[in-house]
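K.L.:
let's see this in three dimensions:
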Amino acid sequence: MPEGDTVWHTAAKLREALAGKTLTRCDIRVPRFATVDLSGEVVDEVLSRGKHLFIRVGPASIHSHMKMDGSWQVSPTRVDHRVRIILEAGPTRVAGVDLGVLEVLERDRDTEVVAHLGPDLLDPDWDAQVAAANLMSDPQRPLGEALLDQRVMAGIGNVYCNELCFVSGHLPTAPVSAVTNPQRLVSRARDMLWLNRFRWNRCTTGDTRTGRQLWVYGRAGQQCRRCGTRINHDDSGERVVYWCPSCQR
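P.N.:
Residues are numbered from 1 along each chain as shown. Okay, here's the model as predicted:
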């Protein structure tokens, strides 16, 4: 499930593969941009902003969002109907698969599509005070809902949302006003993503051994790592929610 750390890591891999190279093939398999051909242009940079990724090529910027199932692959083993774009620079090939959003923008205006986002958790200029103020702007809003709102801070998905609710000791349905130290919570969010930015498999517990990486997410029916109570879950909504009924109030 691509969240801010996955997109950041993906951007780093694409940067390593393409930056500074001239495209020899540009095959965009989205009807609106199928005629766009950036072959002959140099890939200047690849960057992420929250869950958004930009590949800046000559006068254009290829903007993508992976949504739930998308990915970018370097040297893909196969190319099938799920591929939305293929970029090649000599022997190097990358492919965007099942991308939820794929569009070609004017390079000097590409950041307009992410202007609504809150502070990027993986930006060197991350501002915890702004993120905390955004979080507390609607005190009665459910905490889980607020954490998933990219206008509050950019990069958190459902995994981190559930894990952050656990480490804060609150149910995802608790009002934001229950958080007594919002700056500490947003700093925890920053730490989680920052420490995982080079990993494909996330770890929030500090124990990277298989099956021990997460506190509650995906652990329905298993014992809480802190108190031994069975983890509950609710899959009736848009996103699955996990919590410990003893540790979270």
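
K.L.:
what helix or strand is residue 242 located in?
P.N.:
Secondary-structure assignment from DSSP states H and E places residue 242 in strand 241-243.

K.L.:
and that strand, what does it pack onto?
P.N.:
Under the contact criterion of 3 or more C-beta pairs under 8 Å, 6 or more residues apart in numbering; DSSP states H and E, strand 241-243 touches helix 158-168, strand 232-234. Every residue, glycine included, has its C-beta placed from N, CA and C.

K.L.:
run through the chain and note the low-pLDDT ranges.
P.N.:
By pLDDT under 70, the chain contains no weakly predicted segment.

K.L.:
could you list the domains of it?
P.N.:
Following the TED database, the chain resolves into domains at 4-114, 128-243.

K.L.:
right, and these - which one's nearest residue 122?
P.N.:
domain 4-114 (4.8 Å; C-beta to C-beta).

K.L.:
got the end-to-end distance for the closest one?
P.N.:
End-to-end distance for domain 4-114, by C-alpha to C-alpha, to the nearest Å: 14 Å.

K.L.:
for that domain, the distance to its chain's centre please.
P.N.:
Between the centre of domain 4-114 and the centre of its chain there are 16 Å (C-alpha atoms, centre = their mean, to the nearest Å).

K.L.:
what lies in contact with the strand holding residue 242?
P.N.:
Strand 241-243 is contacted by residues 144, 162, 165-166, 171-172, 216-220, 231-235 when judged by C-beta atoms under 8 Å, 6 or more residues apart in numbering.

K.L.:
ok, stretch 68-79 next?
P.N.:
Residues outside stretch 68-79 that contact it (C-beta under 8 Å, 6+ apart): 1-2, 10, 13-14, 17, 53, 64, 66, 83, 86, 92-100.

K.L.:
so which of those residues belong to helices?
P.N.:
Counted as lying in helices by DSSP state H, out of those, are 10, 13, 14, 17.

K.L.:
pull out the buried members of these.
P.N.:
10, 14, 17 (16 or more other C-beta atoms under 10 Å).

K.L.:
list the residues that contact the last one.
P.N.:
Each residue near residue 17 by C-beta under 8 Å, 6+ apart is listed here: 74, 89, 92, 94.

K.L.:
in strands only, show me those.
P.N.:
By the criterion of DSSP state E, membership of the contacts of residue 17 in strands covers 74, 89, 92, 94.

K.L.:
farthest pair within those?
P.N.:
Farthest pair in those (C-beta to C-beta) is 74 and 89. Separation: 11.2 Å.

K.L.:
comparing these two, which residue is more hemmed in?
P.N.:
Using other C-beta atoms under 10 Å, the more surrounded residue of residue 74 and residue 89 is residue 89, with 20 against 14.

K.L.:
excluding chain neighbours, what is closest to the more buried one?
P.N.:
Distances taken as C-beta to C-beta, 6 or more residues apart in numbering put residue 21 closest to residue 89, at 3.7 Å, once the chain neighbours are dropped.

K.L.:
identify the residues contacting the one you found.
P.N.:
By C-beta under 8 Å, 6+ apart, the neighbours of residue 21 are 42, 43, 89, 90, 92.
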